[in-house]
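Peer 1: any chance you could fold what I've pasted below:
(chains A and B)
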Amino acid sequence: MGETKGIPRVLLNKIGLFLVLAILLLAYLLMSSSESPVHYSWMIPVFPLVSFALILLFGLQDSEKGGSIALFGVSFSSVFSLAIAYDLFVNGTARGSYIESTRVWFSGSTYSFEFGTYIDSLAGLLLLVVGIVSYLVVLFSISYMDDQGNRRVRYFAEISLFIAAMYGLVVANSFLLMFIFWELMGVCSYLLIGFWYEKPSAASAAKKAFLVTRVGDVFLLLGLVIMYNTFGTLRYSELFADPQILMDNLEEVKWATLCLFGGSVGKSAQFPLHVWLPDAMEGPTTVSALIHAATMVKAGVFLVARAFPLIVHSPDTAIYIAFTGGLTALVAASMAMVMNDIKRVLAYSTISQLGYMFLALGAGAWAYWHSVDSGLDPGYSLGYMAGLFHLMNHAFFKALLFLGSGAVIHAVHTQDMREMGGLRKEMPITSITMGLGVLSIAGVPFFSGFWSKDEILVAVNNNAEYEGIFGALWFMALLTAGMTAFYMTRMWMMTFSGPSDRIVTSVISSSGHSETGNWVVEDKKVESHAHEAPLVMTLPLMVLSVLAVFSGLTLVIGGGFSSHVYYGDPYEAHGMIQWSVIDHILSSSLTYLSVTVGLTGIFFGIIFYKRGPDGNSAFSTDFIRDVWIFKITHTFLSKRLYMSDLFNWFGMRTWDTFAQISDWFDRNIIDGIVNKIASLSLDFSNNARNLTTGFTGHYASLTVGGLGALVLLTRIVMPIMGWSI
Amino acid sequence: MIDPVHFIVFSSLLLLIGAYGVIRNENSIVVLMSVEIMLTAANVNFVAFSTYYHDLTGQIVALFITTIAAAEVAIGLAILLSLFKQRDTIELDLLNRLRW
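Peer 2: Numbering: from 1, shown residues only, chains lettered A, B, ... in the order given. From the prediction side, this is the model:
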């Protein structure tokens, strides 16, 4: 503990100093103008942007500096974000409304674009999440990246820009401005995923992430064009102001929202554009934590939540969103069950949990539309609240799990869970904090994941009686809950349980099967030299584990989550603790069903994967090898549903064929013409030079012959043919 | 009466004889002489038409040509001398190095 190899002692003092400075600046601003901190929201993205510029300017002089400059910017924006979140959720500023500030950006004779900030409860929630997670991730990075030398400069510059883009996206006041930050984030994710660009897999993962999300971005841009052409504005406040205009253009709203969701599918890695996210694990683990918990993938959910007032007018979009979310949740969870790379398990878990959020948002939008459509009072949208509630909880426990896995990888220098095990004794803090994260995501009662997952299931189930597909989606979500509990338990057990030195012989945890179809059994001696991570790394873990355990209680403590972040009517809070919510949850049979499913998953995870004293699981999993149906399923899932292979095959069949035809055309037609001209001249010259014999008589003959030919031509041929010169 | 046609036929015959000499002979000196015959053919034409048109210009040109031919022969013979010094021959068929 307190081992600070590679970290200057000064830096540890700076951590506190920066926070104090940030609080002082905030206090000074608030005192001098006595306005709400919301008015300083434009500063939030500016701080990391400035530190990005400063790192580029001064970072190379001293590679130690990069981290502290990044921490400086992130400290300030985190303090400001949390102040705004506090103001919104505790003081109740802008409750049920928004605060907007704009400046004219550029204008023409018939249009003008304003940029500015738009702060409502949704933005406040994202600021809270990003503020906490980004600060902790940067703090963690300083230690995690300490062996990277001068590369840290690039890392911290890029991560500052990344965080600035996310903040900008959250506080932006129009879809256009949001789209700019959205793209900026795409570039940063490309840079960060390809951080170790000399590794071919990292370089190709970066390209894949960029290109796949680009597919979604094209749809997003198309959605913006449709909206601007229909409504003549892209500002939130103008778009959402008059529902009647939206109602009059239902067809446009439908296509615009579908296209917007296309952007989310790319950014949030939903089926079928999910293929980039597992590959994005090639980047540093801290980047993965940031991408998965606070930025990037959450931007897609944010977009759908932001466009919620539009989506409630389009039931088709709502059902499509819910269906995509439900399908992605199930498919990704099934793949997470067979992955052996600890980060890939978490990656698929993220995709699955994002699917949950989209499922909830889609179900909420559909329910709201249905109530309005049948003339009922829609009340407040449970799905909207549940989706965003899960977004917050997921941010905390997924950041915790990723940073924990980062600490593990930092200690054992491998990402393969088969080579881990027994780390519980060497890394007690990491194992306990990650264990709390696992319990949260698995939905164990009273941990945070339990509350939000339960709300999502209820929101989906409420729709089932009106629309049959939601019944199927509810069943898929329930199944996903069990699978989530299973693979998370599996991950923890494979990483932390059992003795640290052992020989790995388990078949099911080996690398699949060889070309001939026989299973490969690996015998590998694993020796552990792991040790607990330094305080700079464990501190964020501890903070996050507290949040991961207790963030779910915000549903019932205080005004309650749903009385602040809502769509439609706010939930009416009564007293400090919402006993009615607790009562409702505890008395519902759905709750017991989902808890039972989750605990079943944990049970199977433990009996299959808890490592015994010999390092292998107590209960043999050989049946997967022996029963053909399990074997086929396992292979299918291990190969990631052959989705990447399918894309590659499709690419080979279309673009590659086209490229080959072009190549042939270039080589044979274009080059052929040029080469033929050259070879004809060459042949002609080769033949013509034979005239130069060196014999005077030949030359004289040619001269006289030529003269004779001329005379014949001009005196005989031309008069006969009637030509004249 | 001698018509210009007679002169033209005569000079044409001279020209052809000269050309034949240039083409067929291997001896450089004979070739040089054949070239002189061809120049004479041109001179005959000049003088003939000068008389026919009563214009002395043609005869003056003929004098010039004769002068130039003399100079040319001098140069040609000098070339042949130095060639013989270098190569020990003035046979044209043996002097065919300048070729492809």
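Peer 1: show me where pLDDT drops low in chain B?
Peer 2: B:1, B:100 (pLDDT under 70).
Peer 1: spell out which parts of it neighbour chain A.
Peer 2: Contact residues (C-beta under 8 Å from any C-beta of the partner chain) of chain B with chain A: B:19, B:22-24, B:26, B:31, B:92-93, B:95-100. In this view, the C-beta of every residue, glycine as well, is placed from N, C-alpha and C.
Peer 1: now, these that are in strands?
Peer 2: Using DSSP state E, no member of the residues of chain B next to chain A falls within strands.
Peer 1: now residue A:114: phi and psi?
Peer 2: phi -110, psi 150 (degrees, to the nearest 10).
Peer 1: so how far is stretch A:362-372 off the chain centroid?
Peer 2: Here stretch A:362-372 is found 27 Å from its chain centre; the criterion is C-alpha atoms, centre = their mean, to the nearest Å.
Peer 1: ok, back up a step: from the residues of chain B next to chain A, list just the buried residues.
Peer 2: B:19, B:22, B:23, B:31, B:92, B:95 (16 or more other C-beta atoms under 10 Å in any protein chain shown).
Peer 1: wait, doesn't the fourth one sit right on residue B:21?
Peer 2: Yes. Contact criterion C-beta atoms under 8 Å: residue B:31 and residue B:21 qualify, at 6.8 Å.
Peer 1: which strand or helix spans residue A:85?
Peer 2: Using DSSP states H and E, residue A:85 maps to helix A:65-89.
Peer 1: buried residues in that helix?
Peer 2: Neighbour-count burial for helix A:65-89, with 16+ other C-beta under 10 Å as criterion, is recorded at A:65-85, A:87-89.
Peer 1: then stretch A:545-553?
Peer 2: For stretch A:545-553, by 16+ other C-beta under 10 Å, it's A:545, A:547, A:548, A:549, A:551, A:552.
Peer 1: keep only these that also lie close to chain B.
Peer 2: Within those, nothing lies near chain B by C-beta under 8 Å from any C-beta.
Peer 1: quick one: which of those is nearest chain B?
Peer 2: Of all the buried residues of stretch A:545-553, the one sitting nearest chain B is residue A:548; the distance, using C-beta to the nearest C-beta, is 89.9 Å.
Peer 1: what does the helix or strand in which the closest one is found rub up against?
Peer 2: Using DSSP H and E, residue A:548 falls within helix A:535-550. Helix A:535-550 is contacted from outside by A:1-4, A:7, A:12, A:132-133, A:136-137, A:139-140, A:142-144, A:393, A:396-397, A:399-400, A:403-404, A:406-407, A:410, A:429-430, A:432-434, A:436-437, A:439-440, A:447-448, A:532, using C-beta atoms under 8 Å, 6 or more residues apart in numbering or on different chains.
Peer 1: let me see the ranges of the helices in the stretch 251-400 of chain A.
Peer 2: A:276-279, A:285-289, A:297-306, A:308-311, A:315-336, A:342-373, A:382-412 (DSSP state H, counting those that start in this stretch).
Peer 1: typed the wrong thing, it's the stretch 1-150 of chain A
Peer 2: A:9-33, A:43-58, A:65-89, A:121-144.
Peer 1: between these, which gets nearest to chain B?
Peer 2: helix A:43-58 (66.4 Å).
Peer 1: and the closest one, what's buried?
Peer 2: For helix A:43-58, a neighbour-count test (16+ other C-beta under 10 Å) marks A:43-52, A:54-56 as buried.
Peer 1: same deal with stretch A:20-29?
Peer 2: For stretch A:20-29, using 16+ other C-beta under 10 Å, the buried residues are A:22, A:23, A:25, A:26, A:29.
Peer 1: just the buried ones from the contacts of helix A:535-550, in PyMOL syntax?
Peer 2: The PyMOL command for the buried members of the contacts of helix A:535-550 (criterion: 16+ other C-beta under 10 Å) is given here:
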select buried, chain A and resi 7+132+133+136+137+139+140+142+143+144+393+396+397+399+400+403+404+406+407+410+429+430+432+433+434+436+437+439+440+447+448+532
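Peer 1: just to revisit the earlier point, now, which of the buried ones among the residues of chain B next to chain A lie within helices?
Peer 2: B:19, B:22, B:23, B:31 (DSSP state H).
Peer 1: what's the closest of those to residue A:562?
Peer 2: residue B:23 (115.4 Å; C-beta to C-beta).
Peer 1: how far away is the closest one from residue B:91?
Peer 2: As judged by C-beta to C-beta, to the nearest Å, residue B:23 and residue B:91 stand 15 Å apart.
Peer 1: go on, residue A:268?
Peer 2: Residue A:268 is 96 Å from residue B:91, by C-beta to C-beta.
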